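>>> Show me the folded form of this:
(one chain, ligands or ions: 1)
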Amino acid sequence: MIPKRIKDLSPYKTETTSCKVRLSSNELPIRFPEEVKKRIGEVVSSIPFNRYPDPYSAELKEIIALRFGVSPNNLILGNGSDELIQYLSISIGEFDRGVIYPIPTFPMYGICASVLGREKIEVPLQEDFDLNLDAFINSIREKNPAIAFFSYPNNPTGNCFSEEKIRRIREEKVFTVLDEAYYHFSGKTFLKDALSREDTVVLRTLSKIGLAGLRIGVLIAKEDIAMEINKVRLPFNITYPSQAIAKVMLAEFYFLIEEHIRMVIRERERVMKELSKLEGVKVYPSDANFFLFSTPYPADLVHKELIKEGVLVRDVSYLPGLRGCLRVSLGFPEENDAFLEALIKVLKRLC
Ligand code: PMP
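Next up, the predicted model:
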């Protein structure tokens with residue numbers, strides 16, 4: 001009864017090893033002050049949770065629209081942007097047309113395509129992690145995919161692809177999704193295109209700005225496109241507590257989120273500079289709240305040794321083009337220092 005396309009899948013894996021310093025999931029380092037906790041407590045305790053939540057998340061959409069500089073009618077909210085990637089994979093083009101994306105990248109584009117039985121067209125990045133324009137255009141002409149997904153900045157490489165290349169690829173008549181999960185750390189966006197064109201949408205998420213546990217993703221599109229995609233949205237997909245907490249955080253405590261985003265951007269520069277001083281360590285440029293680095297030693301070994309020192313990063317060395325690479329998220333300054341110290345110890349031990 002279960003078809004091959006499902007049997008062939010493996011469940012989504014994520015790093016769950018417990019560690020004192022967790023720099024493996026690209027979350028925002030933020031400790032909520034008592035004042036915030038008290039306010040959230042009040043709001044959550046007044047939820048009539050025998051009732052369904054607002055199916056339109058109308059008030060939350062108003063605040064997100066204000067923060068992102070768009071109109072609520074341009075928005076669809078998802079249970080994380082993961083769910084929105086699934087909605088796009090369902091709504092754009094017929095299923096006999098595939099989905100194209102560069103690799104390595106965020107795995108959900110491929111997973112959603114596989115679940116639906118859509119062809120996955122994977123185009124390896126260049127050595128500098130930018131898009132291989134000729135390979136993209138040739139693949140599109142040969143295989144006629146309906147959707148292109150670009151993680152912008154790209155997870156796990158950390159860079160934003162060339163804007164001109166993305167525009168050129170879009171001219172090949174492929175519906176273009178800019179997944180701007182890390183926008184707040186890059187400042188680069190295709191928002192104007194998403195608001196004015198029928199072939200472009202932008203994805204954002206509250207997960208990387210301190211609210212990962214609430215599971216709120218944001219799709220931004222022209223009103224008529226948003227209206228169509230909204231038809232596949234499951235009713236009540238944003239829970240009552242998530243709507244309530246996100247509203248308070250964005251309306252009353254956004255300054256805290258912004259402060260911590262600025263801290264991460266400062267830390268990115270500091271930690272990358274410190275790390276690149278270490279002999280044999282290569283640090284790759286980043287527009288995100290994480291970056292890639294490699295050492296002269298096997299990445300799986302460095303990963304394990306860092307865990308022994310109480311620091312968890314992500315081993316991404318099994319991905320195409322990333323031999324020897326590990327991905328580390330920026331944390332609080334003291335967590336980043338713990339990472340740097342641990343790595344120095346590990347490198348000494350291994351040499
Ligand atoms: N897109 C990218 C590029 C990501 O890295 C992630 C999370 N790691 C997501 C989407 C999913 O985010 P969310 O928590 O909103 O589902």
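>>> Which positions in this structure make contact with the ligand?
If contact is defined as CB under 6 Å from any ligand atom, the residues of the chain in contact with the ligand are 26, 80-82, 106, 151, 155, 179, 181, 205, 207, 212, 217. (Each C-beta comes from the backbone N, C-alpha and C, glycine too.)
>>> swap the cut-off to 5 Å and go again
Residues of the chain found near the ligand (CB under 5 Å from any ligand atom) are 80-82, 106, 151, 155, 179, 181, 205, 207, 217.
>>> In strands, which of these fall?
The members of those that map onto strands under DSSP state E are 151, 179, 205, 217.
>>> ranking the residues you listed by neighbours, who comes first?
Per-residue neighbour counts (other CB atoms under 10 Å) across these peak at Asp179, which has 28 neighbours.
>>> For that one, give me its contacts.
If you count contacts by CB atoms under 8 Å, 6 or more residues apart in numbering, Asp179 has them with 81, 85, 106, 149-152, 203.
>>> Tell me the one of the ones in strands among the residues of the chain next to the ligand nearest Arg268?
Of all these, the one with the least separation from Arg268 (CB to CB) is Ser151, at 17.6 Å.
>>> what pairs with the closest one across the strands?
Asp179 (DSSP bridges).
>>> I'd like the distance from it to Ile30, if you could.
From Ser151 across to Ile30, the span is 23 Å (CB to CB, to the nearest Å).
>>> Chain neighbours aside, what residue packs nearest to Tyr87?
Leaving aside its chain neighbours, Tyr87 sits nearest to Val232 (5.2 Å; criterion: CB to CB, 6 or more residues apart in numbering).
>>> hang on, the one you found packs against Ile92?
No: Val232 lies out of contact with Ile92 (CB atoms under 8 Å); the separation is 10.4 Å.
>>> Which one of these two is surrounded by more residues?
Neighbours were counted for Val232 and for Ile92 using other CB under 10 Å; Ile92 has more, 20 against 13.
>>> Tell me, what's the model's pLDDT at that one?
For Ile92, the pLDDT comes out at 98.
>>> Kindly list the longest helix within this protein.
Counting residues, the longest helix in the chain under DSSP state H turns out to be helix 254-276.
>>> Please name every helix or strand in contact with that helix.
helix 183-186, strand 282-283, strand 290-294, helix 333-350 (3 or more CB pairs under 8 Å, 6 or more residues apart in numbering; DSSP states H and E).
>>> And the average pLDDT for it is what?
The predicted model assigns helix 254-276 a mean pLDDT of 98.
>>> Buried residues of it, list them for me.
Of the residues in helix 254-276, 256-257, 260-261, 263-265, 267-268, 271-272, 274-275 count as buried by neighbour count, 16 or more other CB atoms under 10 Å.
>>> With stretch 208-219 instead?
208-212, 214-219.
>>> The stretch 101-250 of the chain: strands as residue ranges?
120-124, 147-151, 175-179, 200-205, 217-220 (DSSP state E, counting those that start in this stretch).
>>> which other residues reach the last one?
Strand 217-220 has contacts (CB under 8 Å, 6+ apart) with 64, 68, 70, 74-84, 87-88, 191, 194-195, 201-207, 226, 229.
>>> Since that was my last question, I'll sign off now.
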